[in-house]
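Asker: Generate a structure from the sequence data that follows.
(one chain, ligands or ions: 1)
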Amino acid sequence: MSATPVDPASGVVYPVGLRLHDRRVVVVGGGQVAHRRVAGLLAARARVTVVSPEVTPALEALVEPGSLRWVRRGYEPGDLHGAWYAVAATDDPAVNAAVAEEAERARIFCARADDRSASSVWTPAVARHGELVVGVHGGGDPQRAIGVRDAVVAGLTDGSIADRAARTPTVARGGSVVLVGGGPGDPGLITVRGRQAVAQADVVVADHLAPLTLLETLPPSVEVVDASKLPRGRSMAQEQINALLVERALAGKRVVRLKGGDPFVFGRGMEEVEACLAAGVPVEVVPGVTSAIAVPGLAGIPVTHRGLTHEFVVVSGHLPPGHPQSLVDWAAIARLRGTVVVLMGVDTAPAIAAALVEHGRAPDTPVAVVSDGSTPAQRTVRTTLAHLPRAVVEEGVRPPAVWVVGGVVELGGPHDTSPPHGTSPPHGTSPPHGTSPPHGTSPRHGTEDADPD
Ligand SMILES: C[S@@+](CC[C@H](N)C(=O)[O-])C[C@H]1O[C@@H](n2cnc3c(N)ncnc32)[C@H](O)[C@@H]1O
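Answerer: As a prediction, the model looks like this:
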């Protein structure tokens, strides 16, 4: 008996969403294809059994915590007993055919990975966007399905496809605040969840270091509030920001507090959370890509490196050493052998460098100052602790900048694989206070794993 043939040219399918929660699903095969299918099945909370003499390490890692059952042998007739759904994903067509035939006899839908024409199921290209699940069948062309899937997700993510129904329940549920870490500035470096929250906001309260180009994508009905705190410039008081968040949320609005980097890294995020909770406003925190790690990374500088440093410390330089309100033990930091990352430390660089040297860090320790990270103006100045004060002045370094101290600064260069911005030349090929020019921009997108048909 053979599986029911499906005419691949027709591409006719009947789309459904299988509710597999706690239902038995059998996957025959343990390679990469099986792995991808299993990920989707586990997301649907199916009870998955994998039948295969060998499985990928990632699949094996799911066995111990009980996420899936592994039958460690080849397929045997009867393995599909009690299953609601099956996947034939071995690299042996004869085995896949046998699995599909058993499924056909037992009236179990079976996705056969190697032969679409002999498969009773075609899996769509899938992506999840919040609660939305996008599944696309390409009329028999998997690449077409993937292309359309990606376009839909990109549209939902950048707001060009308006998910208006997702906005409606906001008012019904009452207002809320979402603290979104926007990353270092490039709109491609915000998280998918953060981007969704921005696209669904009624009010966006934004800092100047947040990815402000995202605001251009918002419809005119969205209120945008500039809550920038410019260093030594105009700034909105924190109490005013807290009050605004609470007031708009209590008025039933979905408020997004869009901040640079991560909200909890020198971002006063917790103060805003506390203000919301004190007023009974539901608040969610969406972590962000912090400039402390991302900005050096974009300049080709890893904050750790095997065999070189086993530690990195992130310090606020907004107060100089010895300042009565400073909470930093600069002497202890000077004793570290690893990487020191200083934020908000352009004006204080001379005092901090002097303190680090005074307390024991070698004056010739390499330093890189990376300004305007992830933007087209990104620039790296390479120097040493002893020469840092002069380099900052001579190179006209302005905030926002992150500076990095330690051996990791000498890495990068030819090994740097950090497009699109800020690839620095290798150490030693740049002048004493060498600067690396900015590079072009190229937006980055992320999509979820998907199972094309
Ligand atoms: C108030 S702190 C906020 C840090 C933020 N929450 C984070 O996680 O990145 C601001 C400092 O972050 C650093 N910074 C933020 N964005 C930056 C960027 N794009 N390039 C360089 N430094 C940046 C600078 O040191 C700046 O003075």
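
Asker: Could you list the low-pLDDT ranges of the stretch 201-350 of the chain?
Answerer: 229-234 (pLDDT under 70).

Asker: give me the residue from it nearest the ligand.
Answerer: Gly261 (1.8 Å; C-beta to the nearest ligand atom). Backbone N, C-alpha and C define where each C-beta goes, glycine included.

Asker: hang on, His35 packs against Glu54?
Answerer: No - counting by C-beta atoms under 8 Å, His35 stays clear of Glu54, with 12.0 Å between them.

Asker: Of these two, which one has the most company?
Answerer: The neighbour count for His35 versus Glu54, taken as other C-beta atoms under 10 Å, is higher for His35 (20 against 11).

Asker: Can you tell me the SS state at the more buried one?
Answerer: helix (DSSP: H, G, I helix; E, B strand; the rest coil).

Asker: What distance do you get for the spatially most central residue of the chain to Pro211?
Answerer: For the chain, Thr191 is the residue whose C-alpha lies nearest the centre (C-alpha atoms, centre = their mean; 4.6 Å). For Thr191, the distance to Pro211 equals 11 Å [C-beta to C-beta, to the nearest Å].

Asker: so what sits against both of those two?
Answerer: Common neighbours of Thr191 and Pro211, counting by C-beta atoms under 8 Å, 6 or more residues apart in numbering, are Gly183.

Asker: mind checking the SS state of Ile161?
Answerer: coil.

Asker: thought it was touching Val134?
Answerer: No - Ile161 is not in contact with Val134 according to C-beta under 8 Å; the separation is 10.1 Å.

Asker: More neighbours: which of those two?
Answerer: A direct count of neighbours by other C-beta under 10 Å for Ile161 and Val134 places Val134 higher, at 19 against 15.

Asker: how many other residues sit next to the residue nearest to Pro211 when sequence neighbours are not counted?
Answerer: The shortest distance from Pro211 to any non-neighbouring residue, by C-beta to C-beta, 6 or more residues apart in numbering, is to Pro187 (4.2 Å). Neighbour count of Pro187, defined by other C-beta under 10 Å: 22.

Asker: so how far is Leu215 from Pro187?
Answerer: 10 Å.

Asker: now the helices for the protein?
Answerer: 32-43, 57-60, 93-106, 142-158, 164-173, 192-199, 238-250, 269-278, 291-298, 330-335, 349-358, 388-394 (DSSP state H).

Asker: wait, what's in contact with Glu358?
Answerer: Contacts of Glu358 (C-beta under 8 Å, 6+ apart): Ala334.

Asker: give me that answer again for 10 Å
Answerer: Neighbour list for Glu358: 321, 330-331, 334 [criterion: C-beta atoms under 10 Å, 6 or more residues apart in numbering].

Asker: Those, buried ones only, as a PyMOL selection?
Answerer: Of those, the buried ones can be selected in PyMOL as follows, counting by 16 or more other C-beta atoms under 10 Å:
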select buried, resi 321+330+334
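
Asker: thought the residue nearest to Pro211 was touching Val289?
Answerer: No - the pair Pro187 and Val289 fails to qualify as a contact (C-beta atoms under 10 Å) at a distance of 11.7 Å.

Asker: what sits in contact with each of the two?
Answerer: In contact with both Pro187 and Val289: Ser374, using C-beta under 10 Å, 6+ apart.

Asker: can you pull the buried residues of stretch 390-404?
Answerer: 391-392, 395, 397, 399-404.

Asker: can you tell me if that stretch touches the ligand.
Answerer: Yes - using C-beta under 6 Å from any ligand atom, stretch 390-404 reaches the ligand at 399-402.

Asker: Tabulate these (CSV), appending pLDDT.
Answerer: Formatted as CSV, the residues of stretch 390-404 next to the ligand follow (pLDDT from 0 to 100):
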residue, pLDDT
Pro399, 94
Pro400, 95
Ala401, 97
Val402, 98
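
Asker: Could you list which of these belong to strands?
Answerer: Of the positions in those, 401-402 sit in strands, assigned by DSSP state E.

Asker: mind putting the residues of stretch 390-404 next to the ligand in CSV, distance to Arg73 included?
Answerer: Shown next, in CSV, are the residues of stretch 390-404 next to the ligand (distance: C-beta to C-beta, whole Å):
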residue, distance to Arg73
Pro399, 63
Pro400, 58
Ala401, 59
Val402, 54
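
Asker: List phi and psi for Glu311.
Answerer: phi -150, psi 150 (degrees, to the nearest 10).

Asker: tally of neighbours for it?
Answerer: 12.

Asker: Show me what from the chain comes close to the ligand.
Answerer: 184-185, 209, 260-262, 265-267, 290-292, 295, 343-344, 370-374, 399-402.

Asker: Put the buried members of those residues into a PyMOL selection.
Answerer: Here is the PyMOL command that picks out the buried ones among the residues of the chain next to the ligand, judged by 16+ other C-beta under 10 Å:
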select buried, resi 184+185+209+260+261+262+265+266+267+290+291+292+295+343+344+370+371+372+373+374+399+400+401+402
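
Asker: roughly how far apart are Arg73 and the ligand?
Answerer: 50 Å (C-beta to the nearest ligand atom, to the nearest Å).

Asker: pLDDT value on that residue, please?
Answerer: Looking at Arg73, its pLDDT stands at 98.

Asker: ranges for the strands of the stretch 201-350 of the chain?
Answerer: 203-206, 223-226, 254-259, 283-286, 312-316, 339-343 (DSSP state E, counting those that start in this stretch).

Asker: Would you mind finding the most buried of these?
Answerer: Neighbour counts (mean count of other C-beta atoms under 10 Å) averaged over each of the strands of the stretch 201-350 of the chain peak at strand 254-259, with a mean of 29.

Asker: and that one, which strands flank it?
Answerer: strand 176-181 (parallel), strand 203-206 (parallel) (DSSP bridges).

Asker: what's near enough to touch the residue in the stretch 1-150 of the chain positioned nearest to the ligand?
Answerer: Shortest the stretch 1-150 of the chain-to-the ligand distance, computed as C-beta to the nearest ligand atom: residue-wise this is Gly130, at 24.2 Å. By C-beta under 10 Å, 6+ apart, the contact list for Gly130 reads 156, 163, 166, 192-193, 196-197, 199-200.
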